[in-house]
Each structure stands twice: as structure tokens, then as C-alpha cells.
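1. pasting the structure only:
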């Protein structure tokens, strides 16, 4: 493991082994890059900045804590309601704060930690400790987050990863998971969102998309890149290997987001497949944890 920087305010941890590399920014503990044999699996928005001029990293796997969105019931990115008790930034505090590099036992693993500060308590009055562990091995990347309630009182939070995955062309991408079929889907681009029973095990993107698929995790979402037609032999139908996105632990829902048609954000080059848990209750000194594994089907 080595600590480097793109700019004075943007330090990052670099991990590597024989076949893979990873890059984790200290700002937000955001996993910004995961490559195997030179192939990048994580995406970046077109308006991302890596010089410290933005408070967070718009790409990779940002951690949203202690809320997902602005606390809106549907998790949408809208201004905080006037009666909101605290002015928590969109998607929470953690992605805007600098974490501490706690330890690293090898060149392929690191542990980052975030504790409450006077600044964080001013907008969310709880004592907490977040611990992120990222590990590379020969075939996958493992990501594990633990939340500990350090307060003397119970607390409630929401947590998610606003994960950006690299796509060659969003119009030729699908996500598959047998758990999708029969789940409750909410289209968050309309208000009120009307729940519907989803009748497919596949999701494709054809327009601006902000959908939530309820209670399908823990499970595996498989990201496919297509080419050719239905008549094309299966082994020739993909322009790059599929990626298994394995969500474990306390995750519950999946949000799929893409600003289809927005060239400024670079909509063709990424798809957000976000693992989320809402209204998690923790008693004093209790912990909650969730995991991700990214496994290219090489």
C-alpha cells in the first residue's frame, strides 16, 4: 500500500497485486478505481473533479452516510424540507469528510476509519465510527463497511453506496438478477411514486432512470455489455466480460440511476447500481455491517 495525491487536498491509497489495482481516496473513503489486467470496472461522471474543488468524488463507490439522498422518503436528491432538524448534506456526511488510513497489512489491503467530529455533530448529533476495509486478491475486490454507534443513545441512519460502473455504451448494457422478478419497483422520477411488481429478471436503460428495487439484497447483480443481436451466438454477444456485483450483509434495496441524455454528465459511460439500507436502528455500542464483492467473469 502507498499513499499518494492528485492534489494537496486529494490524497489516495494505491493497492496492487499481480493482476489488479485499486485506488481509494482519503476524501470520503471513495473507491475510485478497480482494474484487472488494465481493464477499468468503475465509472466516473463527466463533472467529476480530482483537484479538491468539489467536496466529494463523483465516481467510483462513494459512501452515503448517515442518509441516502436528502432524507426524502424516496431518497431523491431534492432540497432538505423546511422542517428538517439538521442540514445534512445530500447523501450524508461521510463522502465529504477526510478519513484516516488506519492500517495496511499488505500492498493489497487497507483499512480506513472515520469518527464523528465537532463539525459532524453540529449537523448530526451522534458519536459513531465507520471502518472500511478494501482487499484485492487474484480474482476479485472485497469491500466491507462497519458502522458502530459510539453514542450513549440509540441512533437511526440510512446508508448506501452510490456506485458508478464503467460502461462502453449505456444503450448496450443490462443488469440481471433472478431476485428482480416479482420484486416491488418504485420509479423515483415521479411523485408520488406508484409501486409496481417488476416482471423481469433484467434491467435496461432507455431514458432517464432513477428506480428502486425493494428487498432484493443480499444477492448478486450481473452487469452485461452487449453487442450483436439475439441471433448472435452468446459467446460472441458481449464486448467485455460480465461483472458480478455481490451485495452482502445489511444491504436491502438496489437503486439504478442514469441521467440518460445528459452529455455533460457523460451518461453513456457509466451506470449507477447502488446498494442501500434505510432506517437502520442501532443501540449504543452496537454495530452494523455491509459488504460488496466485485468479481469480473474473466
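-> It's in. In this text the structure is predicted, and so the values were computed from the model without any measurement. Numbering: from 1, shown residues only.
2. element containing the residue nearest to residue 293 when sequence neighbours are not counted?
-> Leaving aside its chain neighbours, residue 293 sits nearest to residue 246 (4.0 Å; criterion: CB to CB, 6 or more residues apart in numbering). In short, each C-beta sits where N, CA and C put it, glycine included. Element membership for residue 246 (DSSP states H and E) is strand 238-249.
3. Who does the closest residue to residue 188 other than its chain neighbours form a beta bridge with?
-> Sequence neighbours aside, residue 210 is the residue nearest to residue 188 in space, at 4.3 Å (criterion: CB to CB, 6+ apart). Beta-bridge partners of residue 210, counted by DSSP bridges, are residue 257.
4. For residue 210, grab the count of nearby residues.
-> Residue 210 has 20 neighbouring residues, counting by other CB atoms under 10 Å.
5. Quick one: the strands in the stretch 51-200 of the chain, in order.
-> Secondary structure of the stretch 51-200 of the chain (DSSP state E, counting those that start in this stretch): strands at 63-64, 100-103, 109-115, 128-136, 141-149, 155-161, 164-166, 173-176, 184-187, 196-197.
6. As TSV, those with distance to residue 13 would be great.
-> What follows is the strands of the stretch 51-200 of the chain, written out as TSV (distance: least, CB to CB, whole Å):
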stretch	distance to residue 13
strand 63-64	15
strand 100-103	6
strand 109-115	5
strand 128-136	8
strand 141-149	13
strand 155-161	17
strand 164-166	19
strand 173-176	29
strand 184-187	36
strand 196-197	42
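7. Tell me which of those is the most buried.
-> strand 63-64 (a mean of 25; mean count of other CB atoms under 10 Å).
8. Quick one: list the elements packing against that strand.
-> strand 155-161 (3 or more CB pairs under 8 Å, 6 or more residues apart in numbering; DSSP states H and E).
9. The strand it packs on - what's its average pLDDT?
-> Strand 155-161 carries an average pLDDT of 94.
10. Mind listing residues that contact it?
-> Strand 155-161 is contacted by residues 61-68, 75, 91-92, 126, 128, 145, 147, 149, 250, 255, 274-282, 288, 290, 292 when judged by CB atoms under 8 Å, 6 or more residues apart in numbering.
11. so residue 110 makes contact with residue 100?
-> No: contact criterion CB atoms under 8 Å: residue 110 and residue 100 do not qualify, at 11.1 Å.
12. how much space between the residue nearest to residue 188 and residue 190?
-> Noted for residue 210: a distance of 10 Å to residue 190, by CB to CB, to the nearest Å.
13. which residues of this protein score low on pLDDT?
-> Scanning the chain for pLDDT under 70 picks out 1-9, 52-53, 55, 69-87, 89-90, 104-105, 228-239.
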